[in-house]
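# Coordinates only, no sequence provided:
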């Protein structure tokens with residue numbers, strides 16, 4: 001018996017089969033989907049162009065910039081380019097409508113809002129916010145733009161919520177750069193954690209959620225954690241392995257009144273195996289996902305050396321793949337089980353999957369716009385296309401990381 005004749009293989013093939021009716025209905029479903037969003041565009045020609053761009057982003061085009069999209073629709077290039085790059089339509093209104101849609105389809109009081117910066121390599125220096133800065137996609141400091149993205153992650157899957165272009169201080173202070181790239185006067189330099197906080201506050205008004213998560217760029221910012229505590233928002237945030245902690249359960253060092261300060265990685269290595277627990281953090285393709293976990297109540301210090309309040313350090317180590325360890329800080333109270341903290345952390349990867357899908361399927365990283373408005377227009381249309389795709393994948397019942405409900409107007 002061949003591999004494809006195996007019962008499990010036949011079941012997988014049957015599950016992946018897409019009927020002609022499914023394909024034929026996609027156009028109609030896109031029209032129904034857009035019926036909710038097109039009123040957010042002011043003029044009839046804008047509504048037409050929005051549909052053209054969305055269809056192009058959902059097509060099999062290899063390069064999903066304005067010119068190939070215009071060619072696919074047999075339209076002139078310049079109106080499409082202008083619509084994306086400088087059109088007088090309100091992208092924030094579209095994003096707000098998307099968030100309301102996400103809340104209706106996926107709304108969950110236990111959802112996790114996950115922040116992640118994403119780099120877009122650029123060769124030139126004329127695009128808004130371009131500078132030599134860390135580009136995660138390349139794994140090095142390089143000429144790039146960086147956007148801060150916010151995803152909504154539940155047991156159902158992920159959905160996009162918001163985005164903001166990071167304007168490095170050198171660009172924010174360069175009047176020539178601001179003028180050439182049409183940066184609004186009210187936009188000033190903000191650290192990326194401050195941009196992330198703004199996205200959380202704005203999105204939190206539109207969707208129910210219970211947690212905030214992010215990588216160590218956000219976790220290392222003590223001011224960010226303090227702002228979340230002030231707003232009574234629960235978080236599980238990665239921190240670097242060299243973060244200094246003071247284990248409040250340890251006895252003081254000889255001649256001292258307080259326990260010693262140690263790097264969190266060194267502290268974790270020194271803990272006896274009896275303190276580690278195996279916990280379940282969700283379901284994977286091959287069954288329950290489990291990790292080894294260690295926790296304690298600790299204090300940290302901010303950038304100025306000031307000692308902070310009690311926080312919960314949770315160290316997580318995978319056991320089913322190549323060894324990897326995550327160090328996190330949380331303000332979840334003691335009554336929240338350790339397994340729940342681990343589950344929230346596992347959902348952090350939803351934003352990475354979302355960005356990967358955005359870049360791989362709807363051309364999130366395919367653009368030639370240079371202005372502030374152009375970048376936000378482009379990312380708005382890309383995230384809108386991605387949201388439709390998530391809904392369609394769920395409707396077809398195929399294995400995916402999106403919600404399993406149909407797209408609705």
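On my side now, so go ahead. This is a predicted model, so every value here is computed, not measured.
# And the strands in the stretch 301-409 of the chain, which stretches?
For the stretch 301-409 of the chain, the strands defined by DSSP state E, counting those that start in this stretch occupy 311-318, 325-330.
# Packing partners of the first one?
Strand 311-318 is packed against helix 264-270, strand 287-299, strand 325-330, helix 338-346, with contacts defined by 3 or more Cβ pairs under 8 Å, 6 or more residues apart in numbering; DSSP states H and E. From N, CA and C alone the C-beta is placed, and that goes for glycine too.
# which stretches of the stretch 301-409 of the chain aren't confidently modelled?
397-409 (pLDDT under 70).
# correction: the stretch 1-150 of the chain
In the stretch 1-150 of the chain (pLDDT under 70), the answer is 1-25.
# hmm, try it at 50
1-4, 12-21, 23 (pLDDT under 50).
# Walking through it, point out its helices one by one.
With helices called from DSSP state H, counting those that start in this stretch, the stretch 1-150 of the chain shows them at 7-16, 20-34, 44-57, 66-72, 77-86, 91-106.
# And these: which comes nearest residue 392?
helix 20-34 (6.7 Å; Cβ to Cβ).
# who does residue 236 bridge with?
residue 213, residue 330 (DSSP bridges).
# Let me have the strands of the stretch 301-409 of the chain in TSV, adding mean neighbour count and distance to residue 125 as columns.
Converted to TSV, these look like this (neighbours: other Cβ atoms under 10 Å; distance: least, Cβ to Cβ, whole Å):
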stretch	mean neighbour count	distance to residue 125
strand 311-318	20	40
strand 325-330	22	36
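# quick one: which of those is nearest residue 44?
That would be strand 325-330 among the strands of the stretch 301-409 of the chain, by Cβ to Cβ, at 50.0 Å.
# coming back round to it: possible to save the strands of the stretch 301-409 of the chain as JSON lines with distance to residue 140?
Formatted as JSON lines, those follow (distance: least, Cβ to Cβ, whole Å):
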{"stretch": "strand 311-318", "distance to residue 140": "26"}
{"stretch": "strand 325-330", "distance to residue 140": "22"}
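# nearest to residue 165, of these?
Closest of those to residue 165 is strand 325-330, at 27.6 Å (criterion: Cβ to Cβ).
# Residues contacting that closest one, please?
Residues from elsewhere that reach strand 325-330, judged by Cβ atoms under 8 Å, 6 or more residues apart in numbering: 216, 219, 225, 234-241, 243, 264-265, 268, 300, 311-317, 341, 345.
# hang on, the earlier thing: nearest to residue 164, of the strands of the stretch 301-409 of the chain?
Closest among the strands of the stretch 301-409 of the chain, using Cβ to Cβ: strand 325-330, at 23.9 Å.
# Taking helix 338-346 as reference, get the angle to the closest one.
If you take axes from the mean of the first three to the mean of the last three Cα atoms, to 10 degrees, strand 325-330 sits at 110 degrees to helix 338-346.
# so residue 152 sits in a strand?
Yes - counting by DSSP: H, G, I helix; E, B strand; the rest coil, residue 152 is part of a strand.
# Return the residues in contact with the residue lying closest to it once chain neighbours are set aside.
Leaving aside its chain neighbours, residue 152 sits nearest to residue 159 (4.6 Å; criterion: Cβ to Cβ, 6 or more residues apart in numbering). Listed by Cβ under 8 Å, 6+ apart, the contact partners of residue 159 are 102, 105-106, 151-152, 354, 387, 390, 402-403.
# Next up, identify which helix or strand residue 159 is on.
In the assignment (DSSP states H and E), residue 159 maps to strand 158-165.
# Tell me which strands that strand pairs with, and in which orientation.
By DSSP bridges, strand 158-165 pairs with strand 140-153 (antiparallel).
# Quick one: work out the angle between the partner strand and helix 91-106.
Going by the same axes, to 10 degrees, strand 140-153 makes 50 degrees with helix 91-106.
# Can you list the buried residues in strand 140-153?
Within strand 140-153, the residues scored as buried using 16 or more other Cβ atoms under 10 Å are 143-153.
# Kindly report the same for stretch 207-217.
207, 209, 211-217.
# Check stretch 93-109 too.
Under the neighbour-count criterion of 16+ other Cβ under 10 Å, stretch 93-109 has 94-99, 101-103, 105-106, 108 buried.
# who's in contact with it?
Residues contacting stretch 93-109 (Cβ under 8 Å, 6+ apart): 36-37, 40-41, 152, 154-157, 159-163, 203, 206-210, 380, 383-384, 387, 391, 403, 405, 408.
# And for stretch 37-47?
Contacts of stretch 37-47 (Cβ under 8 Å, 6+ apart): 50-51, 79, 83, 87-90, 93-94, 97-98, 384.
# Please compute how far that stretch lies from its chain's middle.
27 Å (Cα atoms, centre = their mean, to the nearest Å).
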